[in-house]
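Chemist: Any chance you can model this:
(one chain, ligands or ions: 1)
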Amino acid sequence: MPNLATPIPLVSVFSFGSPIDTGAFASSPFAWSWTPGTPPAWCRVTESASDGTAEVSVALGKADKIAGLGLHVGPLNCRGNTFCLFSTDNSVHTPAVRSMYGAHSFHLILREKPVGLFVDSPSEVTIDAGCTRRDTLSIRVSEPGWRLAIIEGSSPTEIIHRYLLLTGTPYIPPRWAFGFHQSRWSYENEAAVREVAESALANDIPLDVIHLDIHYMDGYRVFTVDESRFPNLEKLSADLFERGIRLVSILDPGVKAEKGFPLYDEGKAKGFFCTKADGKELFEGAVWPGRSVFPDFFRADVRHWWGAQYRKLQSMGISGFWNDMNEPAIFYTPESLGEFAQKIDSYSQSDEHLDELSSMISRPGLGNRRSYCEQFLHEVEGEPRPNKAVHNLYGTLMTKATADSLAETAPNKRHFLLSRSSYTGMHRYAAIWTGDNHSWWEHLALNVQQLISLNMSGFLFCGADTGGFWGDSSPDLLVRWTQLSAFSPFCRNHSCLDSRRQEPWAFDQETLGLCRDAIKLRYAIMPYLYGEFVRAALSCQPFIRGLFLDHDDARDRLTGDQFMCGPSLLVAPVLEPAATQRHVWLPRGAWLEASASAAGLSGKRVVSGGDTRLEVGIGSMPVFLRNGSLVPMAADSSAASSLSKGVPNRYKLLGFTDTEASCWLLLDDGETAYKTWEEWPKCEVKVCRGNNGWSVAVDFGAAKRRPLELEIEMWDSSVSASRLTART
Ligand code: GLC
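Modeler: Residues are numbered from 1 along each chain as shown. Purely as a prediction, here's the structure:
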């Protein structure tokens, strides 16, 4: 019989075998009080006595839907699909893809009585969501020692809330990280980086962050800087900082296996790298620097050592970090390459193996083979364990090393940390992006599903490479993607080295102007985005929300082409090329259609729930305000070109209500970490309709009073708009 604990009301966690502490839960499962117990009959668990594998199976009703599963490819409703949670560097995200960079095993079954299931196993977990048998959800765990959380609640929102109470409060980055990030693989030298900053300024594009991709390193040796390309990184970062732009640098886990490279020599001498099964010979696999070894992040001493390395870059003025390739990605091993070369050589001798040769040419299959990971060991809780038993935690533990080090250096400050690979639990201390997408319209559409699913699974601060990573973006694709990303928590334009330049200014004047409008819109609504993001995270709720979460009449609509951005804004991004019209479905009630521009949002017309068609010329960004909301914005978005400059004193607000509406203005310094919403410095603005018209009140609570100027545009459902001003 498995063991059972109930760490949170209506959450039952069952433990099978002897699981390790994966860090998925906010509090350690070793501290919970466990008693013997069995899962309810509707959730059948079968364990194999011979190999310790197990299957969880749940009968599905005809209309049941399955949402969640964090980073995946496919529709928002996962039903009918199969998935394999085994973190991998999968660089072509087609519908055939089963495994992505992360493993987030949170399933939300939507039915009359919804329920959440979370499977905590760091090994491969495969999910058959009613594909093989339409009436069964089957989750297979490949290694012994795992946990199953069953989360009950009266609504999907309540279940997600409990899931987040169980797994912990989502990560909140510093305010500057909400700004616009510009990246490329790579801005290869100082001049290229300075040129990005200059171009942003010259073209009036607000910019808070530039990313340094792998070329800043010396021969891709991690934690080094190529001094011929970046002779004075300290000066560069200081100059940019002056202008409100920060640098974020990429780090990969593979350490170049090269005698004389101090990090390699030291790690080797200390026994910090993963070995093969004999526990002696170092496992070598090739990544960007060529033959590399991989730190064993499962050990606390290795994490501590690795985390300390980031301080060198911090001392050069790097403000945030981007941990990449940490599934880990392995291009080949010396053995697999040798074998490959041998085969090609022998095939070249005769035409006998032409079929094999041609299939090897089109699909060399050298990269990221499962068998590579099967070869190396980790030391997990003092015991040697093969990678496959704990695979999905590798990137998370690398990122934990970084997060712990950053917290040690500046305990009361928030940090910016981005990771490609992730496991549940990492959502408490880092952001993720959706990896190497393509400049395809299909991937623009996929971005919406991924924002919703990742937010549901706890990764609130996430986003995709705006414009697409691989391939050439068209001007219109970049415009539409920038318009979507204006509402995405993480907003970064990034592209790969052989694609055409993709910065907003790399196309024509029209594209530049349209991208500028979208980015400025983001900066204009920043008080809303930042405030509601923080409020969502601290109240353990998703920030980007599928419509089905908040609106009863949307329960059956698992359509991934519209979303709520915070509680007040319904966003209906345009996802098709050359679209001139867009169909939008609005939940019951009245909505205020907004005009969205560089200046922010203002009211346009009141629309009732149901189907509506909009004209959507290339500049239009369809947004609707929910009845009862007040959206705070910066009064002058052109001045808000850098978020480092502090909290504005002048705001514009757009409201829609027949009675009253309120909103929060965060008054923090942008960096200090607060554990609760109550502690966060803020004020509440309330607008009420009385007999004599509208009145405004500002409540500073425990925060220090400060002079604020508010310009308010209020709408009601009788379609009248009023303008008022207030000062404190
Ligand atoms: C990986 C990352 C990508 C980065 C590239 C080079 O493909 O996913 O974002 O630009 O490596 O470092």
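Chemist: I figured residue 571 hits residue 547, correct?
Modeler: No - between residue 571 and residue 547 there is no contact under C-beta atoms under 8 Å: 10.5 Å. Where C-beta positions appear, they are placed from N, C-alpha and C, glycine not excepted.
Chemist: Need the overlap of contacts for these two.
Modeler: Both residue 571 and residue 547 are in contact with 562, 563, 564, where contact means C-beta atoms under 8 Å, 6 or more residues apart in numbering.
Chemist: Narrow those to those in helices?
Modeler: Among those, no residue falls in helices (DSSP state H).
Chemist: wait, which of those is closest to the ligand?
Modeler: Ranked by distance to the ligand (C-beta to the nearest ligand atom), the shared contacts of residue 571 and residue 547 are led by residue 563 at 24.2 Å.
Chemist: Surely the closest one is in contact with residue 449?
Modeler: No - Residue 563 sits out of contact with residue 449 when judged by C-beta under 8 Å, with a separation of 9.4 Å.
Chemist: which parts of the chain sit against the ligand?
Modeler: Within the chain, the residues that sit near the ligand (C-beta under 6 Å from any ligand atom) are 185, 213, 214, 250, 324, 420, 435, 436.
Chemist: what's the most distant pair in those residues?
Modeler: Using C-beta to C-beta, the two most remote members of these are 214 and 435, lying 15.5 Å apart.
Chemist: what's the nearest residue to residue 506 if we skip its chain neighbours?
Modeler: For residue 506, ignoring the flanking residues on the chain, the nearest one in space by C-beta to C-beta, 6 or more residues apart in numbering is residue 500 at 7.2 Å.
Chemist: and that neighbour, helix, strand or coil?
Modeler: Of the three states, residue 500 takes coil according to DSSP: H, G, I helix; E, B strand; the rest coil.
Chemist: So which residues of the stretch 601-728 of the chain form strands?
Modeler: Taking DSSP state E, counting those that start in this stretch, the strands of the stretch 601-728 of the chain run over residues 623-626, 629-634, 650-656, 660-666, 682-690, 693-699, 709-715, 721-727.
Chemist: scratch that, the stretch 301-450 of the chain
Modeler: Listed in chain order, the strands of the stretch 301-450 of the chain (DSSP E, counting those that start in this stretch) span residues 320-323, 377-380, 383-386, 416-419, 422-423, 431-433.
Chemist: Distance of whichever residue of the stretch 401-550 of the chain sits closest to the ligand relative to residue 100?
Modeler: For the stretch 401-550 of the chain, the nearest residue to the ligand under the criterion C-beta to the nearest ligand atom is residue 436, separated by 4.7 Å. Residue 436 sits 10 Å away from residue 100, going by C-beta to C-beta, to the nearest Å.
Chemist: what touches both of these two?
Modeler: With contacts defined as C-beta under 8 Å, 6+ apart, the residues shared by residue 436 and residue 100 are residue 93.
Chemist: Looking only at neighbour counts, state which of the two leads.
Modeler: Neighbours per residue (other C-beta atoms under 10 Å) separate residue 436 from residue 100, with residue 100 holding more: 28 against 19.
Chemist: dump the residue contacts of the more buried one.
Modeler: For residue 100, the contacting residues are 71, 72, 73, 87, 88, 90, 93, 435, taking C-beta under 8 Å, 6+ apart as the criterion.
Chemist: What of residue 180?
Modeler: The neighbourhood of residue 180, defined by C-beta under 8 Å, 6+ apart, consists of 205, 206, 207, 208, 209, 491, 492, 493, 519, 522, 523.
Chemist: Present the residues you listed as JSON lines; the columns should include secondary structure and neighbour count.
Modeler: Output for the contacts of residue 180, formatted as JSON lines (DSSP: H, G, I helix; E, B strand; the rest coil; neighbours: other C-beta atoms under 10 Å):
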{"residue": "205", "secondary structure": "coil", "neighbour count": "21"}
{"residue": "206", "secondary structure": "coil", "neighbour count": "24"}
{"residue": "207", "secondary structure": "coil", "neighbour count": "26"}
{"residue": "208", "secondary structure": "coil", "neighbour count": "24"}
{"residue": "209", "secondary structure": "strand", "neighbour count": "24"}
{"residue": "491", "secondary structure": "strand", "neighbour count": "24"}
{"residue": "492", "secondary structure": "strand", "neighbour count": "22"}
{"residue": "493", "secondary structure": "strand", "neighbour count": "27"}
{"residue": "519", "secondary structure": "helix", "neighbour count": "28"}
{"residue": "522", "secondary structure": "helix", "neighbour count": "25"}
{"residue": "523", "secondary structure": "helix", "neighbour count": "27"}
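Chemist: What is the burial count for the residue nearest to residue 506?
Modeler: Other residues within reach of residue 500 by the criterion other C-beta under 10 Å amount to 12.
Chemist: go on, residue 55?
Modeler: Using other C-beta under 10 Å, residue 55 has 15 other residues around it.
Chemist: Next secondary structure after the stretch of helix or strand it belongs to?
Modeler: With elements delineated by DSSP states H and E, residue 55 resides in strand 54-59, which encompasses its position. For strand 54-59, the following helix or strand on the C-terminal side (DSSP H and E) is strand 65-68.
Chemist: Find the nearest non-adjacent residue to the residue of the stretch 1-150 of the chain found nearest the ligand, please.
Modeler: The nearest approach of the stretch 1-150 of the chain to the ligand comes at residue 91, 6.6 Å away (C-beta to the nearest ligand atom). Taking C-beta to C-beta, 6+ apart as the measure, residue 91 lies nearest to residue 436, with 4.5 Å between them; neighbours along the chain are not counted.
Chemist: if I look at the residue nearest the centre of the chain, how far off is residue 430?
Modeler: For the chain, the residue whose C-alpha lies nearest the mean C-alpha position (C-alpha atoms, centre = their mean) is residue 462; its distance is 2.4 Å. Distance, residue 462 to residue 430, by C-beta to C-beta: 10 Å.
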